[in-house]
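[1] return a 3D structure for these sequence lines:
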Amino acid sequence: MEREQIIRNYFRSWIDKDNTVLGKIFGPNIIYTECYGPEYHGLDTITKWFDDWNTRGTVLVWTIKQFIHQGSMTAVEWYFKCEYESETEAFDGVSLIEFNPDNLIVNVKEFQSKTPHYYPYT
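    You can find the predicted model right below:
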């Protein structure tokens, strides 16, 4: 499976609340850093986080804007919207995703940009 489809499948798994995809796309020693600080180590921890998060929240939208590939890395620009513990949040973001030679994701670093964006000078 090509990298873009792997990433699309991952984003879709959050919308579908389907953790069965995780073992097919992540390496066993995955390191995942969320855009606001938490860091998860290993597939078992990622699965626990996924399941815990999805009991309290729902991803409403996770739209991919573009992919940029370089070597074993893919950068993904995206828009994310969710409801978590009865509050809705939305923001733009970028994920830096590293693949191993087996095309499994071994590292993810997310970065967030608050929305809406605005022009401060009129």
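[2] show me the contacts for Thr58.
    Neighbour list for Thr58: 17, 82-84 [criterion: CB atoms under 8 Å, 6 or more residues apart in numbering]. The way it works is simple: take the backbone N, C-alpha and C, and place the C-beta from them, glycine included.
[3] quick one, grab the pLDDT at it.
    Per-residue pLDDT puts Thr58 at 98.
[4] please report how far it lies from Asn9.
    Distance from Thr58 to Asn9, counting by CB to CB, to the nearest Å: 18 Å.
[5] now do Glu110
    Counting by CB to CB, the gap from Glu110 to Asn9 is 17 Å.
[6] before we move on, the earlier item: the contacts of Thr58 into CSV, with extra columns for pLDDT and distance to Asp92?
    Listed next are the contacts of Thr58 as CSV, based on pLDDT from 0 to 100; distance: CB to CB, whole Å:
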residue, pLDDT, distance to Asp92
Lys17, 98, 23
Cys82, 97, 13
Glu83, 98, 18
Tyr84, 97, 17
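[7] of those residues, which is the most crowded?
    Cys82 (18 neighbours; other CB atoms under 10 Å).
[8] where does that residue sit, in terms of helix or strand?
    Taking DSSP states H and E as the criterion, Cys82 maps to strand 73-84.
[9] tell me which residues in that strand are buried?
    74, 76-78, 80, 82 (16 or more other CB atoms under 10 Å).
[10] just those now: which is nearest Phe91?
    Within the buried residues of strand 73-84, the smallest distance to Phe91 is 5.9 Å, found for Phe80 (CB to CB).
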